[in-house]
Structure formats: C-alpha cells, structure tokens
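Engineer: This is a predicted model, with the sequence first.
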Amino acid sequence: MARAVRRCLTAALLVLLLEAAGAEQTDTQVIRLGGKLSMTPPLPEEMKPLFNMWWKHGRDLVCEWDKDGVEIYIKYKGRSQLDHLTARLEIDNMTTEDNGVYTLFLNNNEQPWKTVVTVVRDVTKPSIQISPLKCSYLSDSCILTCEGDVTEVGEVTFRWKEDGGAWERQGQKMDITKLHHSKVENFFCQMSNQISDRQSEGVLNPLYKAPLNVLGLVLGVLAVLVAAAVGVVVLWKKKLLCFASKKAGGAAERKADEEDDLKPKP
C-alpha cells in the first residue's frame with residue numbers, strides 16, 4: 001500500500017515538473033513610439049540543432065529562417081533584423097500598430113516564451129483646471145483637475161505637490177478645502193506613464209488669501225507722509241523767496257522815488 005502511494009506521488013510530481021518545464025513564459029516590454037524592440041528568447045537544448053525558425057506578431061508572420069536564408073515580410077521589411085544563431089529579433093521605428101504578442105517557433109514547434117509589447121507616446125505637459133469657475137478665497141472648497149493629452153500614452157498616473165513640498169500620489173483630481181489648504185500659495189501636478197513624466201506650471205490656490213503686511217503698510221504710509229512734508233517745505237520756501245523778492249523790489253522803488261525827490265527841479 002505504501003509503495004503504491006509513493007508511486008502515485010512520484011508520478012504526480014513528474015507530471016507537475018513536465019508541465020512547469022513547458023509552461024508559458026511571458027515577457028512584457030513598453031517601447032517609446034519610434035523606438036526599437038529587441039527580443040532574445042532562450043533556446044532550449046532539445047531544439048538544437050536548428051533547421052528553421054520564424055516569429056509571429058499575433059497571426060502575422062514577421063520573419064522566417066531556414067536553409068534558404070532569412071526572409072523579412074512586407075510590413076517589417078527594412079526595419080527588422082533576425083539573428084538565426086540566437087533567434088534575436090530587432091524591429092526599429094515601432095508604432096502602435098506593432099502592439100501585441102510576439103511568438104517564436106523553432107523547428108516547427110511553437111515555443112512557450114512570448115513577448116507582450118506596448119508602444120506608447122511620451123506624455124504631454126499637463127495643465128491644472130479649477131472648478132467651479134467662481135471658486136475664490138471666499139469658497140469653502142474647490143476641485144483641481146490635472147489635464148493632458150492621453151492619446152496613445154498607455155497607463156497614466158497623476159501626482160500633486162503644494163508649493164515646494166514633495167510629490168504625493170492622489171489621482172487626476174484633488175479636492176482642496178479652506179480648512180486644510182488656505183495657507184498653500186501654489187499647486188503643481190505631474191502626469192507620468194511608463195517611459196516619461198511632465199510637470200505643469202504652478203497655479204495660484206484660489207482659496208489662498210495673502211496675509212496683511214503690517215510693516216509694508218506702515219512703511220507705505222510713512223513714505224506718503226514724508227513726501228507730503230517735503231512738498232510742504234518746498235512750497236513754503238518758494239513762498240518765502242517770492243515774498244522776499246517782492247519786498248526787495250518795493251524797497252528799491254521807494255529809494256528811487258526818494259532820490260528823484262531830492263534832485264533840484266529845473
């Protein structure tokens with residue numbers, strides 16, 4: 001009985017090992033639009049020596065090698081290279097049409113190693129939109145939205161920061177309240193995908209109200225008072241000079257009249 005159980009367990013273990021050996025292996029690559037895809041799969045010893053190989057993208061043939069040499073098919077011609085010694089395939093100028101699963105066949109046998117490829121664009125510079133439009137420091141709360149073109153950029157994440165603080169992951173929208181954010185002057189958002197990230201310009205917090213600058217106010221009032229005092233002094237000096245000038249002119253006229261009276265009359 002014990003031997004029978006051991007034989008069953010051994011057989012079951014062997015089946016599991018065989019299934020694991022043939023289990024599908026998936027590699028994932030994210031490629032920048034216009035970039036290069038490079039795939040170098042493992043070559044099982046039991047497949048050697050090789051007498052043919054081909055790569056498929058979904059249902060389409062990419063390339064093929066046999067005793068007659070390498071053939072690259074139309075869609076990939078001029079931008080693909082196959083090394084038949086290592087089975088490495090390289091494709092340049094990748095586009096979103098190249099997204100999908102790539103499969104290798106060796107000696108007429110499909111291999112468990114596959115590559116899932118996603119071609120994405122760099123993210124664009126985002127901007128921050130505030131709602132509602134009438135939101136101001138008199139409001140109790142507002143909503144900030146990080147917006148940007150997400151066409152063909154793949155999976156996107158959004159993060160936020162306040163003034164010069166650290167980036168925090170909060171999603172595309174951020175709720176702000178007077179209770180928690182009234183002292184923040186500026187908000188920034190960042191949009192990222194698997195190959196790039198861009199930061200928005202800072203946007204002024206609509207709930208922020210600049211504190212009253214008492215020192216600046218006092219200095220401003222003093223400056224106005226000093227300017228007024230200087231103006232008064234200048235005006236007063238001008239009036240004194242004008243009065244002195246008129247007084248001197250009157251004295252000169254009186255002296256001239258007196259001299260004329262003292263002259264002998266003909």
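Structural biologist: Happy to help now that I have it.
Engineer: Which stretches in this structure count as helices?
Structural biologist: With DSSP state H, the ranges of helices along the chain come out as 2-21, 178-181, 214-262.
Engineer: Of the ones you listed, which shows the lowest average pLDDT?
Structural biologist: Lowest mean pLDDT within these: helix 2-21, at a mean of 38.
Engineer: Isn't His181 up against Lys209?
Structural biologist: No - checked against Cβ atoms under 8 Å, the pair His181 and Lys209 is beyond contact range at 11.7 Å. Glycine gets a C-beta too; all of them are placed from N, C-alpha and C.
Engineer: Out of the two, name the residue with the larger neighbour count.
Structural biologist: Taking neighbours as other Cβ atoms under 10 Å, His181 and Lys209 compare with His181 leading, 19 against 13.
Engineer: Report the separation between the closest residue to the more buried one other than its chain neighbours and Phe188.
Structural biologist: Among residues not flanking His181 along the chain, Leu207 sits closest, at 5.7 Å (Cβ to Cβ, 6 or more residues apart in numbering). Per Cβ to Cβ, to the nearest Å, Leu207 is found 16 Å from Phe188.
Engineer: The two: which is more packed in?
Structural biologist: Per other Cβ under 10 Å, whichever of Leu207 and Phe188 has more neighbours is Leu207, with 23 against 20.
Engineer: What score does that one have for pLDDT?
Structural biologist: pLDDT recorded at Leu207 is 93.
Engineer: so how far is Lys178 from it?
Structural biologist: For Leu207, the distance to Lys178 - Cβ to Cβ - is 5 Å.
Engineer: Mind listing the shared neighbours of those two?
Structural biologist: Residues touching both Leu207 and Lys178 by Cβ atoms under 8 Å, 6 or more residues apart in numbering: Tyr137, Ser139, Ser141.
Engineer: List buried residues within those residues.
Structural biologist: Neighbour counting over the shared contacts of Leu207 and Lys178 (16 or more other Cβ atoms under 10 Å) leaves no buried ones.
Engineer: Switch those over to a markdown table; also include distance to Arg59.
Structural biologist: Shown next, in a markdown table, are those (distance: Cβ to Cβ, whole Å):
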| residue | distance to Arg59 |
| --- | --- |
| Tyr137 | 60 |
| Ser139 | 57 |
| Ser141 | 53 |
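Engineer: Now flag whichever of the residues you listed is closest to Thr40.
Structural biologist: Ser141 (54.1 Å; Cβ to Cβ).
Engineer: State the distance from that closest one to Ala87.
Structural biologist: To Ala87, Ser141 is 59 Å away according to Cβ to Cβ.
Engineer: Low-confidence ranges, the stretch 51-200 of the chain, go.
Structural biologist: Counting by pLDDT under 70, the stretch 51-200 of the chain contains no low-confidence range.
Engineer: Distance check, Glu111 against Leu104.
Structural biologist: Just so we're on the same page, residue 111 is Gln rather than Glu. Distance from Gln111 to Leu104, by Cβ to Cβ: 5 Å.
Engineer: can you list the domains in this protein?
Structural biologist: 24-120, 127-204 (automatic domain parsing).
Engineer: Lys238 is nearest to which of these?
Structural biologist: Lys238 sits nearest to domain 127-204 of all those, at 48.2 Å, using Cβ to Cβ.
Engineer: how far away is the residue positioned nearest the centre of the chain from Pro112?
Structural biologist: The centroid of the chain falls nearest to Arg198 when counting by Cα atoms, centre = their mean (1.3 Å). In this view, Arg198 and Pro112 are 39 Å apart by Cβ to Cβ.
Engineer: for Val120, same thing?
Structural biologist: Plainly put, Val120 is 27 Å away from Pro112 if you go by Cβ to Cβ.
Engineer: before we move on, what about Ser182?
Structural biologist: 59 Å.
Engineer: out of those two, which sits in the more crowded spot?
Structural biologist: A direct count of neighbours by other Cβ under 10 Å for Ser182 and Pro112 places Pro112 higher, at 16 against 13.
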